[in-house]
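K.L.:
need a 3D model of the sequence below.
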Amino acid sequence: MSGDVWVYSESEGVSAEVASAAQDVARGASAEVRVVDIGSPRQGIRGSGVRLLLKGPSGPDVSPAVAAEALARAAKDLSPVAVLLGATRDGREAASRLAAKLGVGCMAEVVKLASDGQGVTGERNVYAGKVVAKTRCQFPAVVTVKTGAYPRAEALPERTQEVEVGQVSDRSKVVGREKKAAGGVDLRSAKVIVSAGRGVKKREDLSMLEDLAVTMHGALGCSRPLSADLGWLPEEHHIGLTGVTVKPDLYLAIGISGQLQHVAGMKDSKIVASINTDKDAPIFQASDYCIVGDLYQVVPALRRALSARR
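P.N.:
You can find the predicted model right below:
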C-alpha cells in the first residue's frame with residue numbers, strides 16, 4: 001500500500017519524536033512522512049519533504065476536538081495510510097476522536113513501530129509494565145506514540161502544502177487560563193538522571209540530590225509520589241508508566257522502592273544504580289549496581305568523592 005504517514009502533536013518536541021517513529025512505518029509501507037500543522041505553520045519540526053498545513057481553524061490553541069475534526073476532513077480527501085500522534089493528554093483524546101470519525105483502528109501508547117506494507121505493528125507496556133504486548137492494526141490506522149520512546153527527527157529541507165478544511169467549531173469554551181508551573185527540565189534528553197523517591201524525608205532534602213545531579217552533569221527526576229502526591233516537584237520530573245519515559249546513559253535511583261509503574265519508565269536506561277536501605281527493594285532487581293545504605297550518608301559521600309576527582 002502506498003500513501004503518506006501523517007504526524008501531529010500540539011507539542012513541537014513531541015512532533016519531532018513522532019516523526020522519527022513515522023519514518024519506521026513509512027519505510028515498510030513505501031510511504032512518505034508528512035508533518036501536519038493546524039491553523040498556522042510552526043517552525044522546528046521537519047517532515048521528509050512536504051509539510052501539510054490544514055487551514056481553517058483559528059485561535060491561539062487547537063483543542064483535541066478541533067484537531068480531530070480538521071485531521072478527519074483532510075484524511076477523507078488525502079487518504080493517509082496512518083496518522084501518528086504523540087501520546088500526550090491532548091494527543092490521546094484527539095486520536096480516539098479521529099479514529100471514531102474515520103472508522104479505523106487505533107493503537108495507543110506504542111513503541112518500536114514498523115510496517116509490513118499492509119498495516120502497522122508496535123509494542124506497548126501492559127500490566128504496569130510487567131508485560132510487553134505486540135499489537136497490529138490494518139491500514140488505515142491511527143496511532144499514539146509514547147513520548148520519550150524515539151529521538152527527535154533531524155531537520156530536513158521541506159515545502160508546505162496547504163489544505164483548506166474550513167472552520168471547525170468546538171462545543172467546549174475556554175473560560176479561563178492559569179499558567180502551570182514548569183519544571184524547566186527535559187528528562188528525555190538527559191544523559192544522567194538522579195531520581196528521588198519516598199526515602200527522601202523532607203522537601204528541603206531534595207537540594208542534596210539536586211547538588212549531586214549538578215555534580216554529575218545530570219538532571220533531577222522523581223517517582224510518582226513526590227510529584228503527584230506530595231507536590232515536591234512538578235510533574236515534568238515524574239518518571240514512570242504515567243509520567244516520562246527516559247533512557248539515559250546512567251540512572252541513579254535514590255530512595256525509590258521500584259514499583260512496576262516506575263520501572264516501566266526507566267528500564268531501558270543503559271546503566272541503573274540504586275541506593276536503598278531495604279536489601280530486598282524491588283528496584284535492585286532492575287539495577288546493575290546496588291548500594292544498601294542510608295541515602296543521607298551515601299549521597300554526601302558520593303558527592304565528595306565525585307568532587308575530589310575533578
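K.L.:
from here on, contacts and neighbour counts on C-alpha atoms
P.N.:
Noted.
K.L.:
in this structure, where is pLDDT below threshold?
P.N.:
Low-confidence segments of the chain, defined by pLDDT under 70: 1-2, 43-49, 59-60, 128-129, 155-158, 179-184, 310.
K.L.:
give me the contacts around stretch 231-244.
P.N.:
The contact list for stretch 231-244 (CA atoms under 8 Å, 6 or more residues apart in numbering) reads 128-129, 147-148, 181-183, 185-188, 203, 220-224, 226-228, 245-246, 261-266.
K.L.:
make a ChimeraX selection of the buried ones in those.
P.N.:
For the buried members of the contacts of stretch 231-244, the matching ChimeraX selection, counting by 16 or more other CA atoms under 10 Å, is:
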select :128,129,147,148,187,188,220,221,222,223,224,226,227,245,246,261,262,263,264,265,266
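K.L.:
and the contacts of stretch 231-244, which of them are in strands?
P.N.:
Among the contacts of stretch 231-244, DSSP state E puts 220-222 in strands.
K.L.:
out of those, who's nearest residue 74?
P.N.:
residue 221 (39.8 Å; CA to CA).
K.L.:
follow-up on the earlier one: tell me the one among the ones in strands among the contacts of stretch 231-244 nearest to residue 199.
P.N.:
Nearest to residue 199 among these is residue 222, at 11.0 Å by CA to CA.
K.L.:
residues contacting the closest one?
P.N.:
Contacts for residue 222 (CA under 8 Å, 6+ apart) come out as 195-197, 233, 237-239.
K.L.:
so how far is residue 240 from it?
P.N.:
Residue 222 sits at a distance of 9 Å from residue 240 (criterion: CA to CA, to the nearest Å).
K.L.:
which element follows the helix or strand harbouring residue 85 toward the C-terminus?
P.N.:
For residue 85, the element it lies in under DSSP states H and E is strand 82-86. Per DSSP H and E, strand 82-86 leads on to helix 89-102 as the next helix or strand towards the C-terminus.
K.L.:
show me which positions of that following helix end up buried.
P.N.:
Within helix 89-102, the residues scored as buried using 16+ other CA under 10 Å are 90-99, 102.
K.L.:
using JSON lines, lay out those residues together with distance to residue 70.
P.N.:
Listed next are the buried residues of helix 89-102 as JSON lines, based on distance: CA to CA, whole Å:
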{"residue": "90", "distance to residue 70": "14"}
{"residue": "91", "distance to residue 70": "14"}
{"residue": "92", "distance to residue 70": "16"}
{"residue": "93", "distance to residue 70": "14"}
{"residue": "94", "distance to residue 70": "10"}
{"residue": "95", "distance to residue 70": "12"}
{"residue": "96", "distance to residue 70": "14"}
{"residue": "97", "distance to residue 70": "11"}
{"residue": "98", "distance to residue 70": "9"}
{"residue": "99", "distance to residue 70": "13"}
{"residue": "102", "distance to residue 70": "12"}
